[in-house]
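>>> sequence first, predicted model second:
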Amino acid sequence: MKTFIIFISVLSAAIAHGQRTITPSDSCIVSGKIKQNKIITVSELEKYIPVAIKEQIIYNHKGEIKDTISGLKGVLLKTVLNDVVFIYDKPKQLNEFYFVFIATDGYKVVCSWNELYNSEIGNNCYFITEMNGKKLHDISERIVFLSTADLMSGRRYIKGLERIEVRQVD
């Protein structure tokens, strides 16, 4: 019996450890190789005119369906970052820039400057302002970032986004 209780305790701890707890974020700071840090708040995101986004099936890295989200509206990342000024000497240095998106649970995702500003992917990267019938301030995992152009969409479906670091390759 004692062995069974220990087994159940270890199993419960393993299951709890395997599930990520997402702390909601009410703001996201953009910092790094930019002239001035930018703080993106829930209230600021709600001021933009959102665009409708078609229902998204979220796939994991194996191509398995993990979730389906609907009733989506969002604001393009490029729109929100429009006033961010990057620090560089020559325009070709922008090829060396990349963005690290960091969630409250430590989850990190990387996008290159060219990916966001020089490809169709950048036209499909959103801050979600409405999801499953809920407005942004009611979404439990706010702030949410999603790239709708990815094949394995779960990789860049970031919940609880709290930081975007602009970096340059050394």
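Noted; the coordinates are in hand.

>>> show the end-to-end separation of stretch 111-130, please.
One end of stretch 111-130 sits 23 Å from the other (Cα to Cα, to the nearest Å).

>>> which residue packs closest to Val144, ignoring adjacent ones?
Excluding its sequence neighbours, the residue lying closest to Val144 (Cβ to Cβ, 6 or more residues apart in numbering) is Ile128, at 4.0 Å. The C-beta positions use only the backbone N, C-alpha and C, and glycine is treated the same way.

>>> give me the element that neighbour is part of.
Using DSSP states H and E, Ile128 sits within strand 125-131.

>>> strand partners of that strand, parallel vs antiparallel please.
If you go by DSSP bridges, strand 125-131 pairs up with strand 72-76 (antiparallel), strand 134-135 (antiparallel), strand 144-147 (antiparallel).

>>> how long is stretch 104-112 end to end?
End to end - Cα to Cα - stretch 104-112 spans 21 Å.

>>> now do it: everything it contacts.
Applying Cβ atoms under 8 Å, 6 or more residues apart in numbering, the contact partners of stretch 104-112 are 20-25, 97-102, 121, 125, 147, 155-156, 158, 160-162.

>>> one more pass at 10 Å, please.
Stretch 104-112 is contacted from outside by 20-25, 77, 94-103, 117-119, 121-122, 125, 141, 143, 145, 147, 155-165, 167, 169, using Cβ atoms under 10 Å, 6 or more residues apart in numbering.

>>> so how do I select the buried members of those residues in PyMOL?
Buried subset of the contacts of stretch 104-112, written as a PyMOL selection, criterion 16 or more other Cβ atoms under 10 Å:
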select buried, resi 22+24+25+77+94+97+98+99+101+102+103+117+121+122+125+141+143+145+147+156+157+158+159+160+161+162+163+164+165
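
>>> the helices in this structure, which residues?
For the chain, helices defined by DSSP state H occupy the ranges 2-18, 42-47, 77-80, 113-117.

>>> now the longest one: average pLDDT?
Taken as a whole, helix 2-18 has an average pLDDT of 43.

>>> again with the shortest one
What helix 77-80 shows for mean pLDDT is 97.

>>> from the strands paired with strand 125-131, which stretch is densest packed?
Most buried of those, by mean neighbour count (mean count of other Cβ atoms under 10 Å): strand 144-147, with a mean of 24.

>>> how about the CA coordinates for that strand, as PDB?
Only the C-alpha atoms of strand 144-147 are listed here, as PDB (Å, rounded to 0.1, in the frame of the first residue of the first chain):
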ATOM      1  CA  VAL A 144      -1.300  36.100 -27.100                       C
ATOM      2  CA  PHE A 145       0.900  36.100 -30.200                       C
ATOM      3  CA  LEU A 146       0.100  33.900 -33.200                       C
ATOM      4  CA  SER A 147       1.700  33.300 -36.600                       C
END
